[in-house]
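# give me a model of this one.
(chains A and B)
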Amino acid sequence: MKWLSDDKLDHLLDIVGTRYVCVEELGRGGMGTVYLAEDRELDRLVAIKVLNTLDVTDDLRQRMMREAQVIARLEHPGIVPVHDAGTLPDGRIFYAMKYVRGSRLDEYAAQGAPLRDRLRKFQAVCDAVAFAHAHGVIHRDLKPQNIMIGPYSEVLVMDWGVAKIRDDPHQTAVFNTSDGTVIGTRNYMSPEQARGEVDIDERADVYSLGAVLKDLLTDQKVSKPVKAIYLKAMAQTPADRYASASELSTDIGRLLDAEPVSAYRENALEKAGRWVGKNRFLVLLVLAYLLMRIFLIFTSRR
Amino acid sequence: MKFRDPDTDIGGPLHKFPVTNHSAIVAARSDDEIVRRRAFDTILNSYWKPVYKYVRLKWQAGNEDAKDLTQGFFANAFEKNHFASYDAAKASFQTFLRTCLDGFVANERKAGQRLKRGGDMDHYQLDFAGAEDELAAHASSTLSPEEFFHREWVRSMFTIAVEAFRGRCVESGRLVHFQLFERYDLNDDDVSYVTLAKEFGLDVTTVNNYLAAARRDFRRIVLEKFGDAQ
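Predicted structure coming up:
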């Protein structure tokens, strides 16, 4: 009988230990490592997040499981679905989620996507976040690196590892970060989050969304309404921001439909310009009609 | 690309599995000597290498001494039907067997003489030279003797499962499945699906499908072997 080396034995244990076979590492974070894995039962690729350490505290285990549960209950096309969760043979917690092929939002923007497409993608992000808010979940770490654009242009909000669940009796202290630990990413973090305030609400995510929008349009010449939208979202005081991601999404929708946005008061000239832009076809028709009339008047006089 | 990192490998570096084949332990209590012998052979097959290596490591026995102790331990266990006294409520079979082994070696050492076995004692045909080579490959292992024993038992079980899988593939005319599995999952050299496709004259999708099926079957066999474990 052929002797199995340690490497091969571990590999075979992978095959037997779970329904997943590791293919490669996709990324590593503070709490867990995400692997690309093959789901043998369903013959498909999945992404598996595995807790980094074997020596885990209950808090860490609970936090990881809570993350899986948070995502699992957010059934929305804009939120990456969780397929499975469990414990590896050695006791480490893992959960399997959809493997999203595609690019991160920052990479997508760097590829030179048109402004309208970017705004549409951003609106989809707002909608996913608004859905989470409606289910009492605040993401707390929204940034372009946590947003994926799939091969069919689908938008997926990822990494709910530091999400806060409102009114959750099972929430642990670590998950709540009730010690005031600052979580999130500095450039996209609301001022209240950066101050380590514990009692933050949905408007912290609205701030991050504003920062994401601003980032998304860095290389674009943006109109005053667009700028007003992200500035309102990023207002220092939560009360001055959009009250919800849903309101922000609505304003983006208005912008895309060439309608007035709540964040910006237009003057008469801008109003007229927007009206012309929105009714370009009608304006052209009228212009063509007028030109024809002028032409007819001119020719009949001759 | 294959992922290799023993600290983060799925399943971890010290994967825990059910402890042993329950039916063999039950059968070891049988009054029928043939049934008992067959059960004993199953246990011997799974455990002799871990026992030998454990004796070499924990008891610092020389290879000749370890050979005699291993032979003696199993011969004594069969002769006195030790495995029949195993009580699942008290400990795992693996712990029970290791405790028996420690007791046996300690007694032999206390007697102060190297075992001289022969005559009416059983002598099993065991590949000690192969076990010794394997042991040399573990020279840098940092596992405790108990962890090492467990690890070696898992290795032994998987080796048996691989052979069973090979047998089933041959019987069912699916040798290519096994050969692909052997090349990709068992051999130490890293090969890609593309290389295998060229080597076996298949397309990459077929290699992928065959390997997926082979892994499923192998997993089933391993789970069968451990399936009635306690």
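
# which one is A:Ala235 nearest to, not counting chain neighbours?
Sequence neighbours aside, A:Arg241 is the residue nearest to A:Ala235 in space, at 4.7 Å (criterion: CB to CB, 6 or more residues apart in numbering or on different chains). The C-beta positions use only the backbone N, C-alpha and C, and glycine is treated the same way.

# can you pull the buried residues of the host helix or strand of A:Cys22?
For A:Cys22, the host element (DSSP states H and E) is strand A:20-28. In terms of neighbour count (16 or more other CB atoms under 10 Å in any protein chain shown), strand A:20-28 has its buried residues at A:20-23, A:25.

# show me what that strand is packed against.
helix A:6-17, strand A:32-39, strand A:44-51 (3 or more CB pairs under 8 Å, 6 or more residues apart in numbering or on different chains; DSSP states H and E).

# contacting residues around the host helix or strand of B:Asn209?
Per DSSP H and E, B:Asn209 falls inside helix B:204-227. In this structure, residues lying in contact with helix B:204-227 by CB atoms under 8 Å, 6 or more residues apart in numbering or on different chains are A:12, A:15-16, A:21, A:38, A:40, A:43, B:17-18, B:21, B:157-158, B:160-162, B:164-165, B:168-169, B:176-178, B:180-181, B:184-185, B:193-194, B:196-197, B:200, B:202.

# ignoring the adjacent residues along the chain, who's closest to B:Val204?
B:Ala197 (4.7 Å).

# what do you get for A:Lys164?
A:Ile138 (4.5 Å).

# that neighbour and A:Ala204, how far apart?
The gap separating A:Ile138 from A:Ala204 is 6 Å, by CB to CB, to the nearest Å.

# pLDDT weak spots in the stretch 151-300 of chain A?
Along the stretch 151-300 of chain A, the model assigns pLDDT under 70 to residues A:167-184.

# thinking again about what came up before, in contact with the residue nearest to A:Ala235, which residues?
Neighbours of A:Arg241 in contact, by CB under 8 Å, 6+ apart: A:203, A:206-207, A:210, A:232-235.

# go with 10 Å
A:Arg241 sits next to A:190, A:202-207, A:209-210, A:231-235, A:247-248, A:263 when contact means CB atoms under 10 Å, 6 or more residues apart in numbering or on different chains.

# give me the phi and psi for it.
With angles defined as degrees, to the nearest 10, A:Arg241 sits at phi -90, psi 180.

# ok, and the spatially most central residue of chain B, which helix or strand is that part of?
Nearest residue to the geometric centre of chain B (CA atoms, centre = their mean): B:Ser156, 1.5 Å. Secondary structure from DSSP H and E places B:Ser156 in helix B:145-171.

# mean confidence for that helix?
Across helix B:145-171, pLDDT averages out at 88.

# would you mark the buried spots in that helix?
In helix B:145-171, counting by 16+ other CB under 10 Å, buried: B:145, B:148-162, B:165-166, B:168-169.

# what's the closest non-adjacent residue to the closest residue to chain B within the stretch 151-300 of chain A?
Nearest to chain B, among the residues of the stretch 151-300 of chain A, is A:Gly161, at 17.1 Å (CB to the nearest CB). Distance criterion CB to CB, 6+ apart; nearest residue to A:Gly161, sequence neighbours excluded, is A:Glu67 at 5.1 Å.

# can you count the residues close to A:Leu9?
19 (other CB atoms under 10 Å in any protein chain shown).

# how about the helices and strands packed on strand A:20-28 in TSV, adding mean pLDDT and distance to chain B?
Putting those into TSV (pLDDT from 0 to 100; distance: least, CB to the nearest CB, whole Å) gives the following:
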stretch	mean pLDDT	distance to chain B
helix A:6-17	77	4
strand A:32-39	85	6
strand A:44-51	87	7
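
# the nearest residue to B:Trp48 once chain neighbours are set aside: how many residues sit nearby?
Once flanking residues are discounted, B:Trp48 sits nearest to B:Leu126: 5.4 Å by CB to CB, 6+ apart. B:Leu126: 18 surrounding residues under other CB under 10 Å.

# one more: A:Gly102?
Count around A:Gly102 with other CB under 10 Å applied: 16.

# need the contact list for it.
Contact partners of A:Gly102, counting by CB under 10 Å, 6+ apart, are A:108, A:148-156.

# for B:Ala164, see how far away the residue nearest to A:Arg40 when sequence neighbours are not counted is.
If the residues on either side of it in the chain are set aside, A:Arg40 comes closest to A:Arg19, at 5.1 Å by CB to CB, 6+ apart. Look at A:Arg19 and B:Ala164: by CB to CB, they are 21 Å apart.

# before we move on, what about A:Pro144?
Counting by CB to CB, the gap from A:Pro144 to B:Ala164 is 51 Å.

# same thing with A:Leu45?
The gap separating A:Leu45 from B:Ala164 is 29 Å, by CB to CB.

# which stretches of the stretch 101-250 of chain A form helices?
A:105-110, A:115-134, A:173-176, A:191-194, A:202-216, A:224-233, A:245-256 (DSSP state H, counting those that start in this stretch).

# okay, now the unreliable bits of chain B?
Counting by pLDDT under 70, chain B has low-confidence residues at B:1-23, B:88-89, B:91-92, B:112-122, B:226-230.
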